[in-house]
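**Q** any chance you can model this:
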Amino acid sequence: MLTIDDIRTVPLFSVLATSALERIAHTSADLRLAPGEWAVPEGGERALFAVLAGRIEVVKLFDGVERRLGWRLPGSIFGEVPLALGSPFPGGYRAAEPSRVIRVEPHDYYAVAAASPELAAKVGALARERLGGLQGIAAEAPRARVTLLGPQWDVVCSDVRRFLTRNQITYEWLTPESPHLRTLWPEPPDAADWPVLRLADGTVVSRPKARELAELLGLQTRARLTEYDTVIVGGGPAGLAAAVYGASEGLRTLVIEREAPGGQAGTSSRIENYLGFPNGVSGEELALRALQQARRLGAETVVTRSVERIDPQTREIFLDGDDVVRTRTVILATGVTWRRFAVDGVDRLIGKGVYYGAARSEASATHGADIHLIGAGNSAGQAALFFASHARSVTLLVRGSSLGKGMSHYLIDQLRSRPNIAVRLNSEVAAVHGDTHLTAISIRDGGAETVTRSESGGLFVFIGADADTGWLPAEIARDERGYLLTGDKVMSAGRWSHDRDPYLLETSVPGIFACGDVRFSPVKRVASAVGEGSMAIALVHQFLQQDRRGPRRDGA
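**A** Residues are numbered from 1 along each chain as shown. As a prediction, this is how the structure comes out:
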């Protein structure tokens, strides 16, 4: 419990009247922090803090790398910048040793400051000083973690750029034609070795595999434990939500992701109907926030690993590379994969001007170009708006007669407002053209049955997605399209033999759950995936506490 004497040990507060000290003592939080515990994380809500004991380190993430900016010792304060700007905390404050910190809520600070102009003046002066320091840090030329040398139309180079972008790794891309190539790379490697990457520590690697690159960059690729309470397969919104709730409730939680956290939502340029983000949020930012939250709470996330098979009896998970992880429960959140585009010549141009999904890493290559997108869903609409800020023109090719069937109304309105976005209804791509890369496409007009050829600097395909569940054991029930049956759908399919009804998100194998787009459901939204991920953890708890692999009806 805070006392007036505690408050007086902070020089800033020592000059306050007794009534003001009493208000702070009676309304403020008395935080007792263990080493590693946050007083307030980066992005936390504004408040004024004062250190009574211990040592607080100031940290901030720059391009996914944590950097220490300073310390706060007993008697010092922090939070003056968020109070001055009315903004969240630009950095995080974490205990480096057992510490005691006061948290003064904004309305209580303003009430005290109104009666003590000297306090307000000192806090304002400190805020200006700290803002100057932050501006100095922001003005420093950022150093890319990776320098990449490779041709624009090299498929491996394209894959590497997508991997770096999805995993929040800053890089500088040099092509053989870059005018400053010799300045940044005085002795470039031979063309036979391209693409080549040079890391910040000087390590040079040629044509690396994704896992090799991940390990060089310090990304986690192996589980630290041999057994977990729950293993989540897939790191999209559903999987990350499950990770956050699982770790926060004390479960030993592991997420296995084959490329990068975020799933398909991670490639969305703007999600404008997600609760709590009135100005919208990019899928990349949403994934980064969720990943940071899951890790802070103790969940592990491994990338560049695929699950080859699951033993439904023992719940052992067999990864590529011969690693085996044991778990008490499994949550399948693998999402879906883009449906293949069945036009002759497409496969040889994948990564060379033809892309599945948004391929945000290709934005720079669309500058000044005329590009085309195929699809009529929200993903296609979001991508069209994103690329419209780079390309000369964006044409959305839609097989149907309207956008209203599969696209949200707010996206349709925004598409109409952009002068360089065109929508062609009743149209489809009949052919693609180009030798080393895409140069043009042929478009069939369904109404007139005519085919026209248009130059194209990029073709981005959003023609629906399918559940990639063929690798799962036969014991896990699916519908005819591969989507996982759960709850009452398992019962109606006659695939449940346990002595209780399946939980809402439980598959036909007790203890194995499914959530997000991979689950059979008419709703495919980020918000519903997040809700199902959190719900899956509640059901995991029920299973662990009540079921314990109970007997089956057949007596087995």
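**Q** from memory E212 sits against S206, does it?
**A** No. The pair E212 and S206 does not pass the contact test of C-beta atoms under 8 Å, sitting 10.7 Å apart. The way it works is simple: take the backbone N, C-alpha and C, and place the C-beta from them, glycine included.
**Q** let me see the ranges of the helices in the stretch 401-550 of the chain.
**A** Assigned by DSSP state H, counting those that start in this stretch, the helices in the stretch 401-550 of the chain fall at 409-417, 488-492, 526-542.
**Q** which one of the ones you listed lies closest to D323?
**A** Minimum separation from D323 across those (C-beta to C-beta) falls at helix 526-542, 22.4 Å.
**Q** list the contacts of the closest residue to L225 other than its chain neighbours.
**A** Excluding the flanking residues, the one nearest L225 by C-beta to C-beta, 6 or more residues apart in numbering is R252, at 6.4 Å. Each residue near R252 by C-beta atoms under 8 Å, 6 or more residues apart in numbering is listed here: L225, E227, Y228, D229, T230.
**Q** just among these, which is most surrounded?
**A** Sorting these by how many neighbours each has (other C-beta atoms under 10 Å) puts T230 first, at 28 neighbours.
**Q** ok, that residue touching L332?
**A** No. Under the criterion of C-beta under 8 Å, T230 is not in contact with L332, lying 11.2 Å apart.
**Q** from A111, how far off is A120?
**A** For A120, the distance to A111 (C-beta to C-beta, to the nearest Å) stands at 11 Å.
**Q** show me the contacts for the residue nearest to G487 when sequence neighbours are not counted.
**A** Nearest residue to G487, sequence neighbours excluded (C-beta to C-beta, 6+ apart): L504, at 4.6 Å. The contact partners of L504, taken as C-beta under 8 Å, 6+ apart, are T486, G487, M535, L539.
**Q** pull the contacting residues for the second one.
**A** Each residue near G487 by C-beta under 8 Å, 6+ apart is listed here: P502, Y503, L504, L505, E506.
**Q** between the residues you listed, which is nearest I463?
**A** Of all the contacts of G487, I463 sits closest to L505, with 28.1 Å by C-beta to C-beta.
**Q** list the contacts for the closest one?
**A** So L505 contacts T486, G487, F513, A514, C515, R519, E532, M535, A536, L539 (C-beta under 8 Å, 6+ apart).
**Q** residues in contact with stretch 411-425: which ones?
**A** 272, 378, 381-382, 384-385, 388, 391-398, 400-404, 443, 445.
**Q** for PyMOL, write a command that selects the buried ones of the residues you listed.
**A** To isolate the buried members of the contacts of stretch 411-425 in PyMOL, using 16 or more other C-beta atoms under 10 Å:
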select buried, resi 272+378+381+382+384+385+388+391+393+394+395+396+397+398+403+443
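**Q** okay, and which of the contacts of stretch 411-425 map to strands?
**A** Among the contacts of stretch 411-425, the residues falling in strands (DSSP state E) are S393, V394, T395, L396, L397, I443, D445.
**Q** next, the contact list for the third one, please.
**A** Residues touching T395, when contacts are defined by C-beta under 8 Å, 6+ apart, comprise D370, I371, H372, L373, I421, A422, V423, R424, S454.
**Q** which stretches in this structure count as helices?
**A** 4-8, 18-27, 80-85, 106-115, 117-139, 155-166, 181-184, 210-216, 237-248, 283-297, 378-387, 409-417, 488-492, 526-542 (DSSP state H).
**Q** and those, which one is worst for confidence?
**A** The stretch with the lowest mean pLDDT among the helices of the chain is helix 117-139, at a mean of 79.
**Q** for the chain, which spans come out with low pLDDT?
**A** Residue ranges of the chain with pLDDT under 70: 63-64, 133-142, 547-556.
**Q** let's check: the centremost residue of it is which one?
**A** Central residue of the chain (C-alpha atoms, centre = their mean): A287, 1.6 Å from the mean position.
**Q** can you tell me how far the residue nearest to it when sequence neighbours are not counted is from V104?
**A** Of all residues not flanking A287 in the chain, G262 sits nearest, at 3.1 Å (C-beta to C-beta, 6+ apart). For G262, the distance to V104 (C-beta to C-beta) stands at 37 Å.
**Q** settle it for me: which of these two has more neighbours?
**A** More crowded of G262 and V104, by other C-beta under 10 Å: G262, with 27 against 23.
**Q** circling back: out of the contacts of T395, which end up buried?
**A** The neighbour count (16+ other C-beta under 10 Å) marks D370, I371, H372, L373, I421, V423 as buried among the contacts of T395.
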